[in-house]
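structure here, sequence nowhere to be found:
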């Protein structure tokens, strides 16, 4: 019985806390430092990939398209204004604006609400997009 419980616990999948300042981005290998831009991918098999920037997650997904289209994968972002709890990227809004200065220079931030992204937008040329549109971007 204890063996079964141990095996079930080992197979559980879900997000893991990021050890800021110590863990490396799965794509660019830089140290993950800024909570406002960090994010995770949890595969259907429970493997967790951690990223320092949204542009690293999207680049990783372009290199691994099977993970991007797997309905069992979870794409988790931090809300730029309220970092600390993961949000579903499929329900988030993304602001691309030069002033954001994300870790890899993609100038991308995620917001759980479109209104928050619009309030953070300062440049009229900046773009707000949803998850499917972001994945189609060539970054």
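Happy to help now that I have it. Because the structure is predicted, anything quoted here is derived from the model rather than measured. Numbering: from 1, shown residues only.

need the contact partners of stretch 75-83.
For stretch 75-83, contacts defined as Cβ atoms under 8 Å, 6 or more residues apart in numbering pick out 15, 35-42, 54, 57, 84-90, 92, 95, 100, 109-112, 116, 120, 131. C-betas here are computed from N, CA, C, even on glycine.

distance from the chain centre to it, please.
Chain-centre distance of stretch 75-83: 8 Å, with Cα atoms, centre = their mean, to the nearest Å.

in the helix or strand containing residue 67, which residues are buried?
Taking DSSP states H and E as the criterion, residue 67 maps to helix 65-69. Residues of helix 65-69 classed as buried: 67, 68 (neighbour count, 16 or more other Cβ atoms under 10 Å).

now the terminal residues of stretch 25-39, how far apart.
End-to-end distance for stretch 25-39, by Cα to Cα, to the nearest Å: 9 Å.

which non-adjacent residue is nearest residue 98?
residue 107 (5.4 Å; Cβ to Cβ, 6 or more residues apart in numbering).

was I right about that neighbour contacting residue 100?
Yes: taking contacts as Cβ atoms under 8 Å, residue 107 lies within contact range of residue 100: 4.6 Å.

shouldn't residue 115 be within a helix?
Yes: assessed with DSSP: H, G, I helix; E, B strand; the rest coil, residue 115 lies in a helix.

got a list of what it touches?
Residue 115 neighbours (Cβ under 8 Å, 6+ apart): none.

from residue 128, how far out is it?
Computed as Cβ to Cβ, to the nearest Å, the residue 115 to residue 128 distance reads 10 Å.

please consider this matter closed, and thank you.
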